[in-house]
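# sequence unknown, structure follows:
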DNA sequence: AATGAAGTGGGGAGAAGTGGGGAGAAATGG
DNA sequence: CCATTTCTCCCCACTTCTCCCCACTTCATT
């Protein structure tokens, strides 16, 4: 079972390329590929394909046909298949880059069943907010 | 299994031609062709032929012969086979262009088993409506 | 130091998207 | 049935962008 851990500071270059951490890259290459989509909050999310299908199928459960249409038109257009060049980089489409306020300085974080791509400043602000709210690490 | 993802901004030229995104084009060419028809809402929909047949068969289930006739007269006349020129463009018939309020600025979105063609302004308004209703991306 | 893996940067060929001319088919009118 | 106009579609041209390839740096390990 795939598992994403850790925090990496990578950069998006002038061609909109972002190197995927080698540990994640291996998991993508060992699976049927991955999907990049808008994430919850100001970030992007990458799921292995199988897991992404599982999740979207769960989310579809019990929706009326009207809700379903809206939902599908929200989910699928905001997603793209991830493909990596020979150096293990992915290209971030302009729409998604804008959505997540990504510039060059980027932080990539593993979140159990997926990983997320944050603008570094946005990520830091988010972490500081969690600290301020008294969220602590429970270990 | 065919899968349509992503969002593309293309233009309809003065000859009513619209370039199909290369990723979708490959799927069309790898299949038995595709069908262009009116979509749900102010848009057009393109299904691969096999999937379109499946869907219309489902929709026919349990209809009386009267309902069936109406249904068929509604569906089939508005649908056309998609054929692409050497540059991968399709021609949008005038009736369909009017139906979907298409001008020049067009957005093409993948929605799992088909893709849709929207006037760009109409698509933006629709997405903003979903935002306003509190629809968020759940990933 | 030498080696290899990981991340970053950039040149350049080919693909993708856009625009328009023009021949032949189809529709329209006498 | 022929003439004229309209429309469809094939072809060529141009621009932009994607992606393949090569190269360099850094860091960890031996």
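Received, thanks. All values derive from a computational prediction rather than experimental measurement.
# for residue A:27, give me its contacts.
A:2, A:4, A:48 (C-beta atoms under 8 Å, 6 or more residues apart in numbering or on different chains). C-betas here are computed from N, CA, C, even on glycine.
# try residue A:85
By C-beta under 8 Å, 6+ apart, the neighbours of residue A:85 are residue A:17.
# how far away is it from chain B?
Shown here: residue A:85 relative to chain B, a distance of 17 Å by C-beta to the nearest C-beta, to the nearest Å.
# same deal with residue A:124?
22 Å.
# hmm, the helix or strand where that residue lies touching DNA strand C?
Using DSSP states H and E, residue A:124 maps to helix A:120-132. No. Counting by C-beta under 7 Å from any atom of the strand, no contacts exist between helix A:120-132 and DNA strand C, the nearest distance being 10.9 Å.
# what helices or strands is that helix leaning on?
Other helices and strands packing on helix A:120-132, by 3 or more C-beta pairs under 8 Å, 6 or more residues apart in numbering or on different chains; DSSP states H and E, are strand A:105-111.
# can you list the buried residues in the strand it packs on?
A:106, A:107, A:108, A:109, A:110 (16 or more other C-beta atoms under 10 Å in any protein chain shown).
# circling back to that earlier point, closest one of the contacts of residue A:27 to DNA strand C?
residue A:4 (13.1 Å; C-beta to the nearest atom of the strand).
# what's the local residue count around the closest one?
Using other C-beta atoms under 10 Å in any protein chain shown, residue A:4 has 20 other residues around it.
# who are the neighbours in contact with the nearest residue to it once chain neighbours are set aside?
Closest residue to residue A:4 in three dimensions, ignoring its sequence neighbours and counting by C-beta to C-beta, 6 or more residues apart in numbering or on different chains: residue A:110, at 3.3 Å. Applying C-beta under 8 Å, 6+ apart to residue A:110 gives the contacts A:3, A:4, A:5, A:6, A:7, A:24.
# in stretch A:125-137, what counts as buried?
For stretch A:125-137, burial by neighbour count (16+ other C-beta under 10 Å) applies to residue A:126.
# which SSE is the spatially most central residue of chain A in?
Among the residues of chain A, residue A:45 comes closest to the average C-alpha position under C-alpha atoms, centre = their mean, at 1.4 Å. For residue A:45, the host element (DSSP H and E) is strand A:44-48.
# now that strand, how far from the centre of its chain.
4 Å (C-alpha atoms, centre = their mean, to the nearest Å).
# helices along chain A, start to end?
For chain A, the helices defined by DSSP state H occupy A:22-29, A:49-60, A:65-75, A:94-99, A:120-132.
# could you count how many residues lie near the residue nearest to residue A:87 when sequence neighbours are not counted?
Leaving aside its sequence neighbours, residue A:87 sits nearest to residue A:19 (C-beta to C-beta, 6+ apart; 6.8 Å). Neighbour count of residue A:19, defined by other C-beta under 10 Å: 19.
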